[in-house]
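J.: With the sequence up front, the predicted model follows.
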Amino acid sequence: MANYSVRNQVAIISLCSPPVNALSSDVRRGILDSLKKAEQDVKVAAIVICGEGRTFCVGADITEFKSEFKTFPNLFELVDILESSPKPIVAAIHGHAFGGGLEVALACHYRVALSSAKLALPEVKLGILPGAGGTQRLPRLIGIDSSMQWIAFGDEYSAQIAANIGIIDRIFPSNADILESAVQYAQSIIGKSLINRRVSKLPVKDASKVSHIMEKYKQIVGKKSRGAIAPMVCLEAIKHAALLPYVEGMKKERMGIEALMGSDQSKSLIYMFFAERQVRNWTIPGTGINSKNTKPIKVEKVAVIGLGTMGRGIVLSLLKAGIKHVSVMELNKTARENGLLFIKNILEGYAARGTISETQKRSMVDALKPVSNFEMLKDTDLVIEAVFESMSIKKDIFAKLGQVCKPSAVLATNTSALDVDEIAMVTPKPKQVVGMHFFAPAHVMKLLENVRGSKSSPQVIATAMNMGQRMGKVTVLVGNCHGFVGNRMFRHYTVETDFMLEEGAYPEQVDTVLKKFGFAMGRYQVGDLSGNDIGYRMRTKFEMTNKQQPPGAPERERHGVRYCPLADFLVESGRLGYKSDGKGWFRYLGKNRELTVDNEVTSMIDSYRRRNKIVPRKINGEEIIERALYPLINEGFKILEEGIASNPMEIDLILVHGYAWPRHTGGPMFYAHLIGLPKILRVIERHWNNAGLREPHWEPSKMLVRLVKNHGNPDIMSWTTLERETVRSAL
Ligand SMILES: CC/C=C/CC(=O)SCCNC(=O)CCNC(=O)[C@H](O)C(C)(C)COP(=O)(O)OP(=O)(O)OC[C@H]1O[C@@H](n2cnc3c(N)ncnc32)[C@H](O)[C@@H]1OP(=O)(O)O
C-alpha cells in the first residue's frame, strides 16, 4: 500500500510494503489513489514520492510476475500516469531505487537522493528488461551509451555517479532526513514549468551514434553474457529509443518484456535470485536443527593457517568482512613474506580504486597479526586451516590446535575433498571441527561450501555459516563425503568428456558446444587455466595415472572401471596448461595468449585411438551436452538422496557460483527440471544399460528413478518432500 499526507503544500506519497517496498499490485493501486487525491486537492502544489523503512523501492514484486500485466495499473501504465501529472512530482530516494523503483523515479519530474542511495536497472539479471519505460526514458536522460551499460549488465551505481550523469537532480548527505529534504526541494520548484521535466518528451542526445554504440555493446555482451538472451533484447529495446518516437519505442519495449517474461531463462534466473536468499535458512536434514533455532558463537578473533593462494584469499575475505583481529600463521618465511605482500598489495589496489577508504585500508592492515607458533592462537575464536591438501599435514595441525585452542574455539579446515571426520578425530573435541571449503581466489569467488562433519555441533555449524554470510559469500551447508557436493559432481563431467575424446570428439569441439550452452570456458580450457596437473595429482593418490601402471596393464581400465588416460599423457608430456609455456589441451600464443588448436594434441589423440583400435565416430552437440551434463545431474540426485544437500537449490548454487555453470539455466538441477526428469532418466538409463558397472557414474540415482516412476515430472520444489514421503511409506 501507499500512505498519503500533506505538509506545507506538498503531498507525500510513501510506499509502504516491508521489507523493500516492492511494487505489488496493492502498492501500485495505492500510488495511483494517492496521486488522484493530490491532483484533486487545490492546496497541494507539489508531490513527493518516497519509501518507508530502509529503502525507496526495489522494483516490481517478483513474486507477482505472473499477474503483472493483469491488474490495473500495471507498472508501465503507472509510469505514464505519473509523468503526465500536471503537478510536479519529486522522487525522494534513499536505500535502493532498483528496477521498477527507478522507472517510477524516472517518470517523476525531479529526483533527489541521499548520497548513500544505490540505483540500478537490474532486470536483465532476472532474464527480463526494464519493462516500465526504463529502456525508453533512461536514454533520453543519459544517452544510449550509458544506458546500454546500465541496462544490459544491470549493475548498481551510487547516487553520486547517477547525479554526475544527470539522473539525480540533487544529492543530500547520507545522514540527512530524506523526506524533510525532499519536501523542501519540492517547495523550491513549485510554479516552475514542467516542459523540460517530462523525460519521455526529451530527445536522445547520442541517437545518431546508435549503430556504432550498439555494435560495441553487442560484442561485449556476446562475451560477458554468453548464451543469455535478455542482454541482447535490452540492447535492441534501447536502440529503438534512438530510432522511434517514445510511444513506438514503448511498444517495442512491451514486445521485448512479453517475449522474455516467463521464458526458461527468466524462470531460471528468478529461481537463482530466491535460492541465494533461501540458502541463508540452512537446515541439517532429518534433525530439526536449523538456522532459526541455532545461534552462532561470537567471533572476534580469527586465525588463518597457511598463506598460499587459498590462505591469502581467505585472509582478505575476513578483512573485508570487518574482522579486526586476523592472525596469520605461515612457517615458511618466503611464503609468509610473499603472502603478506600480496594481501597488502590487494588492499592498496582496493583503496586506489575507491572500493575502500584509506582509513579502512589502514585498519585492515592493522588487523593483520602474523604469529609464529600455535601457542599464540590460544584465545582465537575461529581458526581456518588452509595448508596443502594432505591428510597427514592437516591431522598434524588439528592435533596441535586441539591442544592449544580454547575449548569453545571453532576449528575449520579448508579441504576441498578430504574427510572432515577423519581430521576431527585427532582433536579432543571433534564437535568443534567443521569444513569451510573456499574457492580460489577466495577473496573473489562468491561461494563457500561449509561441510558439517558427523560430530560438528550445531553451534559450530551456525558459526561457520554466519562467518560465510559476514564475508558476503553464498554460503551453502553440505554433508561430509568425498569431494563434498561440487567436486563430487564435477568429476563426472571431466570423466565423460574425456570418453568423448576417445570416441571421436576433439577438445575444441567439446569446448565450443559447452560455451554455446553458456559456460564461460569449456572443460578443456578450464583445465589449461587451472593446471592439468591438479587432476593428475588427485589421480596419483588413487594410483590411476598412466605412469603408475605396471607394464602390460590395460590402458583404458583402472580397478575394473573404464578409464581414459589422455589427460595423463598430456601432463606426462609436460603440457600442464597456461603455466607450461602456454601448452595444454590447446596452445596459447602471443601476448594475448590466443587459444589455438595444437596439432600435437590432435596427433596424440589420433595415435591413441589407432593404438586402441577405436574407430572415431561423429559426436554431435546434443550428445556432448547430454554426456557432459547428465551424469553430473544424476550425481546431484544421489547427493539429495543421501542428505548431503538438503534441497536442489543448494546444489545449483554451488555449481553456479563455484564452477561457472551458466546462471541463466538455473544450475544443473533446475536445468534437469526444465528438460524434464523422464527424459534425463531415459538418457541415463540408456548409457547405464550399455556400459553397466564399467561406467558406474551412469548408474541411475534411486531417487531420480522413484520420482519419475511415482510422479512423472514433479516440480523441483517438491522433489525432496516427495522423496521423503516415498521412502517413509516404504518403511
Ligand atoms: C513490467 C515488469 C517490470 C519489472 C521491472 C522490475 O522492477 S523487476 C525487479 C527489479 N528489481 C530487482 O531485481 C531487485 C531485486 N532485489 C535485490 O536485488 C535486493 O533485494 C536488493 C534491492 C539489492 C536489497 O538487498 P538486501 O540484501 O538488502 O535485501 P534482500 O535481497 O535480502 O531482500 C530482502 C527481502 O526482500 C525480498 N525481495 C527483494 N527484492 C524483491 C522484489 N523485487 N520482489 C519481491 N521480493 C523482493 C527478498 O527476497 C528478501 O526476502 P526474504 O523473504 O527476506 O528472503
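T.: Noted; the coordinates are in hand.
J.: Please count neighbours and contacts with C-alpha atoms only from this point.
T.: Fine.
J.: how about the residue most central in space within the chain, phi and psi?
T.: Relative to the mean C-alpha position of the chain, the nearest C-alpha, by C-alpha atoms, centre = their mean, is the one of His657, at 4.6 Å. Dihedral pair for His657: phi -90, psi -20, per degrees, to the nearest 10.
J.: any idea how far the ligand is from it?
T.: Counting by C-alpha to the nearest ligand atom, to the nearest Å, the gap from His657 to the ligand is 17 Å.
J.: Just give me the neighbour total for the residue lying closest to that residue once chain neighbours are set aside.
T.: Excluding the flanking residues, the one nearest His657 by C-alpha to C-alpha, 6 or more residues apart in numbering is Leu447, at 5.5 Å. Look at Leu447: counted by other C-alpha atoms under 10 Å, it has 24 neighbours.
J.: where does Leu447 land on pLDDT?
T.: Note for Leu447: predicted pLDDT of 97.
J.: What residues does it make contact with?
T.: Leu447 makes contact with Phe438, Phe439, Lys473, Val474, Thr475, Val476, Ile654, His657, Gly658, according to C-alpha atoms under 8 Å, 6 or more residues apart in numbering.
J.: So the second one is in contact with Leu448, correct?
T.: Yes. Using C-alpha atoms under 8 Å, Phe439 is in contact with Leu448, at 6.9 Å.
J.: Mind checking which of these two has more residues around it?
T.: Leu448 (28 against 21).
J.: where does the residue nearest to His657 fall, phi/psi-wise?
T.: Dihedral angles (degrees, to the nearest 10) for Leu447: phi -90, psi 140.
J.: need the helices for the stretch 51-200 of the chain, in chain order.
T.: 75-83, 100-107, 134-153, 159-164, 178-189 (DSSP state H, counting those that start in this stretch).
J.: Likewise for the stretch 351-500 of the chain?
T.: 358-367, 391-404, 420-424, 458-470, 486-503.
J.: Looking at these, spot the one closest to the ligand.
T.: With respect to the ligand, and counting by C-alpha to the nearest ligand atom, the nearest of those is helix 458-470 at 10.9 Å.
J.: Pull out the buried residues from the closest one.
T.: Using 16 or more other C-alpha atoms under 10 Å as the test for burial, helix 458-470 gives 458-470.
J.: in this protein, which ranges drop under the pLDDT threshold?
T.: 68-69 (pLDDT under 70).
J.: tell me the domain boundaries of it?
T.: 2-262, 301-482, 505-611, 621-730 (automatic domain parsing).
J.: by contact count, what packs against whatever helix or strand Arg706 lives in?
T.: Arg706 belongs to helix 702-711 when assigned by DSSP states H and E. Contact here means 3 or more C-alpha pairs under 8 Å, 6 or more residues apart in numbering; DSSP states H and E; on that basis helix 702-711 packs against helix 621-641, helix 677-691, helix 719-730.
J.: could I get the ones you listed as TSV with mean neighbour count?
T.: TSV is the format used below for the helices and strands packed on helix 702-711 (neighbours: other C-alpha atoms under 10 Å):
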stretch	mean neighbour count
helix 621-641	22
helix 677-691	17
helix 719-730	14
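J.: nearest residue to Lys369 other than its sequence neighbours?
T.: Lys369's closest residue in space is Ser327 (C-alpha to C-alpha, 6+ apart), at 4.4 Å.
J.: Quick check: phi and psi at the one you found.
T.: Torsion angles, degrees, to the nearest 10, at Ser327: phi -80, psi 140.
J.: Tell me the bridge partners for it.
T.: Beta-bridge partners for Ser327, by DSSP bridges, are Ala303, Lys369.
J.: Give me the number of neighbouring residues for it.
T.: Neighbours of Ser327 using other C-alpha under 10 Å come to 21.
J.: Could you do the one 4 residues further on as well?
T.: Using other C-alpha under 10 Å, Leu331 has 14 neighbouring residues.
J.: a markdown table please, covering the domains of the chain and showing distance to Glu276.
T.: Formatted as a markdown table, these follow (distance: least, C-alpha to C-alpha, whole Å):
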| stretch | distance to Glu276 |
| --- | --- |
| domain 2-262 | 13 |
| domain 301-482 | 7 |
| domain 505-611 | 20 |
| domain 621-730 | 7 |
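J.: before we move on, back to that, would you mind confirming that the residue nearest to Lys369 makes contact with Ser372?
T.: No. With contact defined as C-alpha under 8 Å, Ser327 does not reach Ser372; the gap is 9.7 Å.
J.: Let me see the backbone angles for the residue of the stretch 501-650 of the chain found nearest the ligand.
T.: Here the stretch 501-650 of the chain gets closest to the ligand at one residue, Met649, 13.9 Å apart by C-alpha to the nearest ligand atom. Here is the backbone geometry of Met649 (degrees, to the nearest 10): phi -60, psi -40.
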